[in-house]
Every structure is written in C-alpha cells, then in structure tokens.
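Trainee: Sequence and predicted structure, then a few things I'm wondering about:
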Amino acid sequence: MSKSIKKIGVLTSGGDSPGMNAAIRSVVRTCAYHQIECIGIYRGYQGMIEGDFKEMGPRSVNNIVNKGGTILKSARSKEFMTVEGRKKAHQNLVNAAVDALVVIGGDGSFTGAEVFNDEFNFPVMGIPGTIDNDIFGTSHTLGYDTALNTVVECIDKIRDTASSHNRLFFVEVMGRDAGHIALNAGIGAGAEEILIPEEDLGLERLLESLQKSKASGKSSSIVVVAEGEKMGKNVFQLKDYIEEHLPEYDIRVSVLGHMQRGGSPSCYDRVLASRLGVKAVESLLEGKTNFMVGVLADKIELTPLEQAIKGHSEIDRELLRVSDIMST
C-alpha cells in the first residue's frame, strides 16, 4: 500500500441521492481501518474553495447509513470552474495536509475531479451517486435502486385512483437524458406505455396504443414519461394532445419530482455504497488515481474517469422488448 497517503478528503457534489451517506460512512471507516485520517469537505467543491473541512472518525458517521441526502451537503460551484477557484481549493487541501480526494457525485462532479487531477497531479477517485443511472462503467449508481422503488410505490398508489375513476394518468419521472428510471419502474409498475429519451415512440403510435388499450377492455391506463422524452412536448402538452384526439379519456398528470431523490436508501444501495467506499479508499492507498469505482456483473471495477464521463450508458434493448410485450 502507498505510504504517501496519510489523509483522505471526501465530498459529495451535484444532485443528492440516497446512499451518499452510506458511501461517506464507508470512506470514513475504511480510512480508520487502515489507520489514516479522513476529512469531510462540506458543500462540495465550493466548500473546498472556502476550506469548510471537518475531521471525521468512525463515530462521526454513526446512524447515517439509513439516511437519504448527504450530511456533507452539496452545492454547485461556479468558482471551481475557474483556474483561480481550483488554485484556492488546492491550497486549502495542501494546508490541511490532505493527500487524496474521494468525490461522490455524477459526471459533472467527475469532470471537476479530472480537471483538478490534471492541473495539480492530485490523486482522485470517484464514486457514482445519481438516481438517473446515466454513468458509464457501472450497472448501478448510488440512489438508482431506491428511486426505482419510490417511483413504483407512487405509481401503485396512482393506479388505485386511475382504476377507481377509469382515468388515464401521465406520470412524469426524472431522467432528462436517460430513461432508465422510466423504463424499469414502468415495467415494474405495469405501465401501459413508457416514453423515454432514447426512443421516439411518436405521437401517432401513442394514440394508436391508447386506442388499442381502450378497445381491449382496459378502463384505466398509466403512461410513464421520462422528463427528457423526445416528442417535443412536455407532459402537460401531451395531456392536451391526447385529450384533443381521444376525448373519451379522462386524463390526469402527476409529476413525481424531487420525492424521487429523497428517502431512506434501499438495502441494495446501502450495500453498494459500502462496497464502493472500501474500493475507493483502498485503490487510492494502492497508488491508483483518476478512476471511478463502479459495479459490473456484481463485481467492483475501476473505470478511468475520462471514460466514465465521455462514455454513454446504454438503455437495455431487451427491456424495451419486454415492455412492449407486457403492455399487450
């Protein structure tokens, strides 16, 4: 193991996701296990620029494994996008004798980490935390599984109302650039149609599908819509369009919004966070840098940060086929 690393800093950046606290806990306790110090950096890169640091030991992360959000807080930092801002951040790390950095976040956070590493040759390791599951090099990001369970639970409740009143519900879920939540939760909740950014279903086919559902005897329907779907209409415009062409439908819209990002993490996310935290710290101690730790075929693997940022997380084509069959 590398003798040069005696203190590791950990921060969370970008949008929060369930499992971030479990990852912080894992990083802190792995540092303690290997008898090195750990510093918590509050408010992401902005906190790094302002020197908002706090020593963290095993007892400082008691009772957080079950909590959503992040105890280290998160903030977007325009200042970190400047050379001057990054110089300030680096000087603060040097002053605090921090030797390496674990960054928990998404591709924007990883881009910042990669630039920081390039400019200062500062060891960095990324842990993917975003509910969208849109990062290359891992089958699951922290918070994705929890978000899926939250969405399915919400749609189950909406279906009770849809069935009682013979209504069609458009349910908008998060996923501006990726349809993983919509596709998986849609299948899990038995949605009649799923609209995602990766597939342009087309308005005519949507109309046709809803007409078929009605003709086959379905008295209520759920359409799951990813916020980034490519029909060029937001969910309320979609509602208006369908009402105009299929006036027999009583249509409602439900936007799940930020409730998908909150809540106690699932067991899967807690275990994944624990595994990723251990691998992140131990990889740094082995002298590795500029990687993201992820899970592939249930094994914890390293992916170069550049690949994680530039690579594209593909939608599962087989799941699209399953979705088509299930909506029959």
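Mentor: Done, it's in. Source: prediction; values computed, not measured.
Trainee: what about the stretch 1-150 of the chain, any weak spots by pLDDT?
Mentor: 1-3 (pLDDT under 70).
Trainee: Setting aside sequence neighbours, what's the nearest residue to the spatially most central residue of the chain?
Mentor: By CA atoms, centre = their mean, the chain has its centre lying nearest to residue 130, at 1.6 Å. Closest residue in space to residue 130, ignoring its immediate chain neighbours: residue 106 at 4.0 Å, by CB to CB, 6 or more residues apart in numbering. For the C-beta atoms, the positions are set from N, CA and C on the backbone; glycine is no exception.
Trainee: Can you name every helix or strand that the helix or strand in which residue 30 is found contacts?
Mentor: Taking DSSP states H and E as the definition, residue 30 sits inside helix 20-33. Helix 20-33 sits against strand 7-12, strand 37-41, strand 100-105, helix 267-285, with contacts defined as 3 or more CB pairs under 8 Å, 6 or more residues apart in numbering; DSSP states H and E.
Trainee: for that helix, which positions count as buried?
Mentor: Using 16 or more other CB atoms under 10 Å as the test for burial, helix 20-33 gives 20-32.
Trainee: Any chance of TSV for those residues, columns distance to residue 84?
Mentor: Shown next, in TSV, are those (distance: CB to CB, whole Å):
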residue	distance to residue 84
20	28
21	32
22	35
23	30
24	28
25	33
26	33
27	28
28	30
29	35
30	33
31	30
32	35
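Trainee: Relative to residue 253, which of the residues you listed is nearest.
Mentor: Nearest to residue 253, judged by CB to CB, of those is residue 20 at 30.0 Å.
Trainee: what's the burial count for the closest residue to the closest one other than its chain neighbours?
Mentor: Nearest residue to residue 20, sequence neighbours excluded (CB to CB, 6+ apart): residue 70, at 4.2 Å. Residues lying near residue 70 (other CB atoms under 10 Å) number 26.
Trainee: What distance do you get for residue 70 to residue 273?
Mentor: Remark: distance between residue 70 and residue 273 (CB to CB, to the nearest Å) = 11 Å.
Trainee: now do residue 52
Mentor: Relative to residue 273, and taking CB to CB, residue 52 is found at 23 Å.
Trainee: Tell me which of those two has more neighbours.
Mentor: Higher neighbour count among residue 52 and residue 273: residue 273, with 28 against 18, using other CB under 10 Å.
Trainee: wouldn't that one be in contact with residue 19 here?
Mentor: Yes: Residue 273 is within contact range of residue 19, at 4.4 Å (criterion: CB atoms under 8 Å).
Trainee: Identify the contacts common to those two.
Mentor: Contact criterion CB atoms under 8 Å, 6 or more residues apart in numbering; residues shared by residue 273 and residue 19: 142, 265.
Trainee: Tell me where the longest helix sits in this protein.
Mentor: In the chain, with assignment by DSSP state H, the single longest helix is helix 144-165.
Trainee: quick one, what contacts the residue nearest to residue 20?
Mentor: 12, 16, 20, 21, 24, 104.
Trainee: Just give me the closest of those to residue 235.
Mentor: The closest of these, once distances to residue 235 are taken by CB to CB, is residue 16, at 23.7 Å.
Trainee: Tell me which helix or strand that closest one sits in.
Mentor: Assessed by DSSP H and E, residue 16 sits outside every helix and strand.
Trainee: before we move on, the earlier item: could you check how far the helix holding residue 30 is from the centre of its chain?
Mentor: The chain centroid and the centroid of helix 20-33 are separated by 19 Å under CA atoms, centre = their mean, to the nearest Å.
Trainee: Likewise for stretch 312-325?
Mentor: In this view, stretch 312-325 has its centroid 19 Å away from the chain centroid, taken as CA atoms, centre = their mean.
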